[in-house]
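Engineer: I'll drop the sequence and a predicted model, then ask my questions.
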Amino acid sequence: MFVTSLAANADLIVASMAAASVFGAILAVCWPYLTPDALRDRVRRITAGRGEARAQTPAGGARLTTRPKQVFKEIFDWMNLADQAEDGEVVRKLRMAGYRGEGPVITFLAIRLLTAPAIFAVAAVYVFAILQLDYPFFVKFAMITAAALFGYFVPALYIHNKIAKRQKEIRRGWPDALDLILICVEAGMGIERAFQKVSQEMGAQSAILADELSLTTAELSYLPERRKAYENLALRTGLDSVKGVVTSLVQAEKFGTALGPALRVLAAENRSIRMNEAEKKAATLPPKLTVPMIVFFLPVLFAVIITPAVIQISSTL
């Protein structure tokens, strides 16, 4: 009976498969025009001129610090969170995430304080009033408490994710910036002028890295010890590759050694590290593609191979 119904609907199956194939072909042809091309946009920005690159760089007049909202400031003062604001670890994490100054610290502490009771109230209403679970009171209260604890750590998770994204972008553009710094130093520029020039050139490729280099240039200008400016760059990024360059800069500043050979070695090392990371990602593609191929490609392949045979058998019977 199944074979008879399949034979009766053979035309419909063939038409459906043909329509799906045509739709897939049209989608494959039109897909580059439907999705944004990051490389094409980057080339367009670069060829548009240096002025646009400088406009995209935060060093072109953007504020390095922000003030907190009045409601967060009042909560901060009311709960007396000044001791937590002096925590060096919180300040360091926020700086690594790109939030500088006193305002982000106050905002982060106030949001972290408000998130837990807010989620506790929402979870209580949802568990007791909406779901009405048939569980003991202590089990429901434990569920609500777990949700509140999760809400307390949500701001920290957001900051951690922000740090990971910034480090990924800095790690991607750091070898190119290091090559440009090497070229500027070998051309006779001072390290301060080299950082300023590279921050302007890197605006189109990585605005975050350009921001960090611009801030380092400003710190080199007004800090009494240039070593502190280099160390701040390493602390704000938290990357080993940046720390290695900072160590070379500090040693050159202290002992007066030549900076060009050290930067050349570090630039080659960072390029090789970036290439190794790309090779690792390429090597992990086959295992990642195994499950999608089994789930999506093999059923379609079996349907294309078996369906004509089933149709022929049903027609002969």
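Structural biologist: Arrived safely, thanks for sending.

Engineer: separation between Glu192 and Tyr230?
Structural biologist: 11 Å (CB to CB, to the nearest Å). Where C-beta positions appear, they are placed from N, C-alpha and C, glycine not excepted.

Engineer: neighbour-wise, which of these two wins?
Structural biologist: Neighbour count, other CB atoms under 10 Å: between Glu192 and Tyr230, Tyr230 has more, with 25 against 16.

Engineer: give the buried residues for the helix or strand that contains the more buried one.
Structural biologist: Using DSSP states H and E, Tyr230 maps to helix 226-237. Buried residues in helix 226-237, counted by 16 or more other CB atoms under 10 Å: 226, 229-234, 236-237.

Engineer: now what about that helix, what contacts it?
Structural biologist: Helix 226-237 has contacts (CB atoms under 8 Å, 6 or more residues apart in numbering) with 92, 95-96, 166-167, 170, 212, 215-216, 219-220, 223, 242-243, 246, 249-250, 253-254.

Engineer: could you redo the last one with a cut-off of 7 Å?
Structural biologist: 92, 95-96, 167, 170, 212, 216, 219-220, 223, 242-243, 246, 249-250, 253 (CB atoms under 7 Å, 6 or more residues apart in numbering).

Engineer: same thing with stretch 154-172?
Structural biologist: 93-94, 96-98, 108, 111-112, 115, 206, 208-209, 212, 237-239, 241.

Engineer: narrow these to those that are buried.
Structural biologist: Buried, going by 16+ other CB under 10 Å: 93-94, 96-98, 108, 112, 115, 206, 208-209, 212, 237-239, 241, out of the contacts of stretch 154-172.

Engineer: now do the contacts for Leu209.
Structural biologist: Here Leu209 is in contact with 169-170, 173-174, 177, 202 (CB under 7 Å, 6+ apart).

Engineer: ok, now how distant is Leu249 from Val291?
Structural biologist: Look at Leu249 and Val291: by CB to CB, they are 46 Å apart.

Engineer: which one's more surrounded, the two?
Structural biologist: Leu249 (24 against 9).

Engineer: list the contacts for the more buried one?
Structural biologist: Contact analysis of Leu249 by CB under 7 Å, 6+ apart lists 191, 230.

Engineer: measure it to Ala110 for me?
Structural biologist: For Leu249, the distance to Ala110 equals 38 Å [CB to CB].

Engineer: check Glu277 too.
Structural biologist: Distance of Glu277 to Ala110, computed by CB to CB: 38 Å.

Engineer: these two - which one has more neighbours?
Structural biologist: When neighbours are counted by other CB under 10 Å, Glu277 and Ala110 differ, and Ala110 comes out ahead with 23 against 12.

Engineer: just the pLDDT at Met212, thanks.
Structural biologist: I think there's a mix-up here, since residue 212 is Glu and not Met. Note on Glu212: pLDDT of 89.

Engineer: so it, which state does it fall into?
Structural biologist: Secondary structure, DSSP: H, G, I helix; E, B strand; the rest coil: Glu212 is helix.

Engineer: tell me the SS of Pro224?
Structural biologist: In three-state terms, and counting by three-state DSSP, Pro224 is coil.

Engineer: got phi/psi on it?
Structural biologist: Here is the backbone geometry of Pro224 (degrees, to the nearest 10): phi -70, psi -30.

Engineer: what about it, neighbour count?
Structural biologist: Other residues near Pro224 come to 6 when the count uses other CB under 10 Å.

Engineer: repeat for Cys184
Structural biologist: 20.

Engineer: again with Ala121
Structural biologist: Residues near Ala121, counting by other CB under 10 Å: 12.

Engineer: and what of Ala278?
Structural biologist: 10.

Engineer: how close does it get to Pro286?
Structural biologist: 15 Å.

Engineer: kindly report the domain assignment for this protein.
Structural biologist: 2-35+285-316, 45-283 (automatic domain parsing).

Engineer: hmm, back to that, next step: the contacts of helix 226-237 restricted to helices.
Structural biologist: 92, 95-96, 167, 170, 212, 216, 219-220, 242-243, 246, 249-250, 253 (DSSP state H).

Engineer: farthest pair in the contacts of helix 226-237?
Structural biologist: Pairwise distances across the contacts of helix 226-237 peak at 25.3 Å for Gln167 and Glu253 (criterion: CB to CB).
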